[in-house]
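Peer 1: 3D, please:
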Amino acid sequence: MSGMQAVLHLVYPPQCICCDERVTSDFAMCGRCWRETPFLSGLVCDLCGTPLPGPDDGHPVHCDDCLRIARPWSRGRAVMLYRDRARDLVLHLKHADRIDLARPFGAWLHRTARPLLEPGMIVAPVPLHWMRLFRRRYNQAALLSAELARLAGLDHCPDLLRRQRNTGSQEGKSRDARFANLADAFALHPRMAGRVEGRHVLLVDDVMTSGATFASAAEACLAGGATRISVLALARVAKDA
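Peer 2: Numbering: from 1, shown residues only. Next up, the predicted model:
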């Protein structure tokens, strides 16, 4: 820690990123919030990251949903379940202008994404429609993907995709309705064709529920010449969440 940082810590002691409890370093969580955050570990579905029962023996396994639904991506992971403190943290980033959270979240994503990362990958966020971006002023997925790409030393392309229509909220929709609503919602940005052709793309978003958003974005990348897609979410809505 530099002298200036030490002085700042005396004046403004570091606080937990989720509550007001004092912690020992910047961008850290207190013990209580850490215990109340459902980080994913152990055996998870190799396609969507949802937790599965049983020991992790290193062999890829798939959940029931991923066995029933065709996924246009090859592998996927999520950092935590979308509930308890994890839900609070995601909503703070998404709706409370807590863009500072992108830094610790990026580190969590980087740790979780290690089984997916390959040299030469291109990292891209799931885009917002321009109307929603105008109201929110930032795309939370782009903040996450930028920090992940920086830590992983990979190319970052925040405008690889564009959302062609305002699909509205997916909340309350059935799985089939979610997929129907997102069909053909994304397209490769016209200037990005040369960036994606022949590349392995890692798509990043804040929350995965049914996988409909990732599926539509992945299909747009594949149509643009990508050879393979992996997906990474900060939080995963699981059946028991």
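Peer 1: so the protein: which segments form each domain?
Peer 2: For the chain, the structural domains run 1-36, 46-236, going by automatic domain parsing.
Peer 1: turn the ones you listed into JSON lines, including mean pLDDT and mean neighbour count.
Peer 2: Quick note: C-beta positions are derived from backbone N, CA and C, even for glycine. Shown next, in JSON lines, are the domains of the chain (pLDDT from 0 to 100; neighbours: other Cβ atoms under 10 Å):
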{"stretch": "domain 1-36", "mean pLDDT": "78", "mean neighbour count": "13"}
{"stretch": "domain 46-236", "mean pLDDT": "93", "mean neighbour count": "18"}
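Peer 1: mind listing what L81 touches?
Peer 2: Counting by Cβ atoms under 8 Å, 6 or more residues apart in numbering, L81 touches 38, 40, 51, 235-238, 241.
Peer 1: test my guess that P14 contacts S25.
Peer 2: Yes: assessed by Cβ atoms under 8 Å, P14 is found in contact with S25 at 5.8 Å.
Peer 1: can you give me the strands for the chain?
Peer 2: 75-81, 122-125, 155-156, 161-163, 186-188, 200-208, 228-236 (DSSP state E).
Peer 1: now the ones you listed in JSON lines, with distance to C19?
Peer 2: As requested, the strands of the chain are exported to JSON lines (distance: least, Cβ to Cβ, whole Å):
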{"stretch": "strand 75-81", "distance to C19": "17"}
{"stretch": "strand 122-125", "distance to C19": "28"}
{"stretch": "strand 155-156", "distance to C19": "31"}
{"stretch": "strand 161-163", "distance to C19": "34"}
{"stretch": "strand 186-188", "distance to C19": "36"}
{"stretch": "strand 200-208", "distance to C19": "20"}
{"stretch": "strand 228-236", "distance to C19": "18"}
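Peer 1: out of those strands, nearest to A220?
Peer 2: For the strands of the chain, proximity to A220 was assessed by Cβ to Cβ; strand 186-188 is nearest, at 4.1 Å.
Peer 1: tell me what the closest one is packed against?
Peer 2: Helices and strands touching strand 186-188, by 3 or more Cβ pairs under 8 Å, 6 or more residues apart in numbering; DSSP states H and E, are strand 161-163, helix 212-223.
Peer 1: turn the ones you listed into a markdown table, including distance to P119.
Peer 2: Listed next are those as a markdown table, based on distance: least, Cβ to Cβ, whole Å:
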| stretch | distance to P119 |
| --- | --- |
| strand 161-163 | 22 |
| helix 212-223 | 18 |
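Peer 1: looking at these, which is nearest to H110?
Peer 2: helix 212-223 (18.9 Å).
Peer 1: got the CA positions of the closest one in CSV?
Peer 2: Output of helix 212-223 as CSV, limited to C-alpha atoms (Å, rounded to 0.1, in the frame of the first residue of the first chain):
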residue,chain,number,x,y,z
ALA,A,212,-32.5,-17.3,-24.1
THR,A,213,-30.4,-14.1,-24.2
PHE,A,214,-27.1,-15.9,-24.5
ALA,A,215,-28.6,-18.2,-27.2
SER,A,216,-29.7,-15.3,-29.4
ALA,A,217,-26.4,-13.5,-29.0
ALA,A,218,-24.4,-16.7,-29.6
GLU,A,219,-26.4,-17.4,-32.8
ALA,A,220,-25.6,-13.9,-34.1
CYS,A,221,-21.9,-14.4,-33.4
LEU,A,222,-21.9,-17.8,-35.2
ALA,A,223,-23.8,-16.3,-38.2
